[in-house]
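A.B. asks: Structure for the following, please:
(3 chains)
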Amino acid sequence: MNNIFSYFIPKDRKFFPLFEKASANLIDMANQLEGLVNSPEALREPYYKSIENLEHKGDEITHQIYLELSKTFITPFDREDIHALASALDDIADYIHGSANRMLLYNVTEMTEPIKKLADLVKQGCVDVEKAVKELKNLKNIRVITDSCVRINSIENQADYVFDKAVGDLFDYEDDAKTIIKYKEVLSALETATDMCEDVANVLESILVKNA
Amino acid sequence: MNNIFSYFIPKDRKFFPLFEKASANLIDMANQLEGLVNSPEALREPYYKSIENLEHKGDEITHQIYLELSKTFITPFDREDIHALASALDDIADYIHGSANRMLLYNVTEMTEPIKKLADLVKQGCVDVEKAVKELKNLKNIRVITDSCVRINSIENQADYVFDKAVGDLFDYEDDAKTIIKYKEVLSALETATDMCEDVANVLESILVKNA
Amino acid sequence: MNNIFSYFIPKDRKFFPLFEKASANLIDMANQLEGLVNSPEALREPYYKSIENLEHKGDEITHQIYLELSKTFITPFDREDIHALASALDDIADYIHGSANRMLLYNVTEMTEPIKKLADLVKQGCVDVEKAVKELKNLKNIRVITDSCVRINSIENQADYVFDKAVGDLFDYEDDAKTIIKYKEVLSALETATDMCEDVANVLESILVKNA
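C.D. replies: Model prediction:
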């Protein structure tokens, strides 16, 4: 079954720790995002700052993975999949950062229920991303990974629904078009962060599928 | 030429029937979408409901393909391509459903000409997707697949044009910003459904290219 | 190191010239785009026309690459990567064309600073895409490619920032929601063109990673 893995993985000391670092960083970002959307305006600045910093930290981890890849001959799974996974994890970070950034730049002062709900779904997505990534290194428990992928897909579906409903409500209850656009953009960035979690799930499933 | 295929394909009784099921389901969805945008408001509810149901049916087919993949050792073509194709077909379903959903949630009562035109292009795209997918199982007639891919690309181009023109017209003839945003979002979801058909075409071309 | 390449590449007379043609065409498009956004309204028509024509030229090059792929047995690198690279280059052309098209269809008469800045970033991205693509054929200097990829990523980050800042400013200083939407759509198409440059960088990195 997973013979390739059982052979190579015990030797890999490079990629798995970096992937775990990247996904742990996503958890930190998602927690900061949650803090941000649940804090009164006056207390939000530190959250914006740490999300910014964590995004840079994520960039460095991604860069380190690419660097290792260029120096390492034998990799625990296909080189292009390592690249794809690193890049998909980085995309989640980008959209969490992008969501926070839009809140700041567009002066979104009122954190509405759908914003909070989507931030929570982003966090749930990151939790499952981390769970699945952690399991990659031994693959003894493929089920843990596939279960996380299924949950991530369901989280993304829920996010879609929250987004569509929230925008529908904006049309129904908000008269100022400018406000509608602002909130739609923020909600859309949050929803896209869950899409990016789904992309990670797709890469993970594809890795499993190749090596099963 | 297609030696790998001629060898393995006659034995495959799993994936091709499921892919055909998935693309037949897309035809059903596209027909319901067409019915929806060409019906007076009072008669639209059943269309919304069947699109919803068909989307669930599509999800189940996708899930079945993934399940087969996890249980099957020898596949008719690369495992990751089976995964990519299943996921791309599912994306079309998601955007057809998403388009209908926005019409409903945003109270889009007037089905304008560009909406009807885009729904028609989505349907044309699905027809070619089905045609191409059907041909995958024997690959005796690669030309049928490449011709469908070319047509899908042209359909996507047309959809781009219809979308851009329609939005330009909204700016010219519609004064209410809220209405502009609503219609733009619905048109955009429809246009993205044709992008997803193009993604399927890309996966199909990539499969041909690998196995030619 | 790059043994596969040093073996096959000297023989390839088909794909590399076509990839160079495609990226040279992107430089032409980016130059026309720059001319467009820096010209007074009365002088813009020829730019729109040449961008349209160059986009068709790009389509033909892409088509030629696909055709070669279907006829060629031994390719300088993985068939699916040739397909992915051709398709990613084509996407850049599509978004440059799409940006210009929106300016035209939405009657965007005033070319604002962020529009000019983004057009400049698109051009910078295309310059690095061309530089990297040129180097593919011998791969003696992998560093040139990776450096370009790093720069393209940084360009895309800058474009993100310009876009977010510009939209924030629209909310602050523009009262007409219609104008906000129009400019947001044009800026977004330009920003997406830099995303597409990043996709090319991803494909290139993935090719290097596989063959290093």
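A.B. asks: Centroid-nearest residue for chain A?
C.D. replies: For chain A, the residue lying nearest the average C-alpha position, counting by Cα atoms, centre = their mean, turns out to be residue A:92 (3.4 Å).
A.B. asks: Which helix or which strand is home to that one?
C.D. replies: The secondary structure element spanning residue A:92 is helix A:79-105 (assigned by DSSP states H and E).
A.B. asks: Next, the angle helix C:79-105 makes with that helix.
C.D. replies: Angle of helix A:79-105 versus helix C:79-105, following axes from the mean of the first three to the mean of the last three Cα atoms, to 10 degrees, is 20 degrees.
A.B. asks: Helix A:79-105 close to chain C?
C.D. replies: Yes: residues of helix A:79-105 contacting chain C under Cβ under 8 Å from any Cβ of the partner chain: A:79, A:80, A:82, A:83, A:84, A:87, A:98, A:101, A:102, A:105. For every residue, glycine as well, the C-beta is placed using N, CA and C.
A.B. asks: Tell me the helices and strands packed up against the following helix or strand past that helix.
C.D. replies: Counting by DSSP H and E, the next helix or strand C-terminal to helix A:79-105 is helix A:113-135. The criterion is 3 or more Cβ pairs under 8 Å, 6 or more residues apart in numbering or on different chains; DSSP states H and E, and the helices and strands that helix A:113-135 contacts are helix A:15-37, helix A:79-105, helix A:142-173, helix A:177-211.
A.B. asks: Quick one: mean pLDDT over the shortest one.
C.D. replies: The predicted model assigns helix A:15-37 a mean pLDDT of 97.
A.B. asks: How far does that helix sit from its chain's centre?
C.D. replies: Its chain's C-alpha centre and that of helix A:15-37 lie 8 Å apart, by Cα atoms, centre = their mean, to the nearest Å.
A.B. asks: And the helices and strands packed on helix A:113-135: which comes nearest residue C:27?
C.D. replies: With distances scored as Cβ to Cβ, the stretch of the helices and strands packed on helix A:113-135 nearest to residue C:27 is helix A:79-105 (25.8 Å).
A.B. asks: give the contact list for the residue of chain A most remote from its centre.
C.D. replies: Most distant residue from the mean C-alpha position of chain A: residue A:175, 33.0 Å away (Cα atoms, centre = their mean). Residues in contact with residue A:175, defined by Cβ atoms under 8 Å, 6 or more residues apart in numbering or on different chains, are residue B:178.
A.B. asks: Does it belong to a helix, a strand or coil?
C.D. replies: In the three-state summary, residue A:175 is assigned as coil, counting by DSSP: H, G, I helix; E, B strand; the rest coil.
A.B. asks: ok, it to residue A:187 distance?
C.D. replies: For residue A:175, the distance to residue A:187 equals 18 Å [Cβ to Cβ, to the nearest Å].
A.B. asks: quick one: contacts for residue A:120?
C.D. replies: Contact criterion Cβ under 8 Å, 6+ apart gives residue A:34 as the residues in contact with residue A:120.
A.B. asks: and the gap between it and chain B?
C.D. replies: As judged by Cβ to the nearest Cβ, to the nearest Å, residue A:120 and chain B stand 21 Å apart.
A.B. asks: cool, and residue A:135?
C.D. replies: Distance, residue A:135 to chain B, by Cβ to the nearest Cβ: 15 Å.
A.B. asks: now do residue A:196
C.D. replies: For residue A:196, the distance to chain B (Cβ to the nearest Cβ) stands at 15 Å.
A.B. asks: ok, that residue touching residue A:95?
C.D. replies: Yes: counting by Cβ atoms under 8 Å, residue A:196 sits close enough to residue A:95 to count as a contact (5.4 Å).
A.B. asks: what sits in contact with each of these two?
C.D. replies: With contacts taken as Cβ under 8 Å, 6+ apart, residue A:196 and residue A:95 have no neighbour in common.
A.B. asks: Chain C contacts on chain A?
C.D. replies: Of all the residues in chain A, those lying near chain C are A:66, A:69-70, A:79-80, A:82-84, A:87, A:98, A:101-102, A:105-107, A:177-178, A:181-182, A:185, going by Cβ under 8 Å from any Cβ.
A.B. asks: Just the buried ones among the residues you listed, please.
C.D. replies: Buried subset of these (neighbour count, 16 or more other Cβ atoms under 10 Å in any protein chain shown): A:66, A:69, A:79-80, A:82-84, A:87, A:98, A:101-102, A:105-106, A:177-178, A:181-182, A:185.
A.B. asks: any idea how far stretch A:98-118 is from the chain center?
C.D. replies: Taking the mean of its C-alpha atoms, stretch A:98-118 sits 17 Å from the chain's own mean (Cα atoms, centre = their mean).
A.B. asks: Within range of chain B, give me the residues from chain A.
C.D. replies: Applying Cβ under 8 Å from any Cβ, one finds that chain A approaches chain B through A:146, A:160, A:164-165, A:167-168, A:171-172, A:175, A:177, A:180-181, A:184, A:202, A:205-206, A:208-210, A:212.
A.B. asks: could you flag which of these are buried?
C.D. replies: Going by neighbour count (16+ other Cβ under 10 Å), the residues of chain A next to chain B have A:146, A:160, A:164, A:167-168, A:171, A:177, A:180-181, A:184, A:202, A:205-206, A:208-209, A:212 buried.
A.B. asks: For the nearest residue to residue A:103 once chain neighbours are set aside, give its distance to chain B.
C.D. replies: Once its chain neighbours are removed from consideration, residue A:103 has its nearest residue in residue A:186; the separation is 5.7 Å (Cβ to Cβ, 6 or more residues apart in numbering or on different chains). Note on residue A:186: its distance to chain B, by Cβ to the nearest Cβ, is 15 Å.
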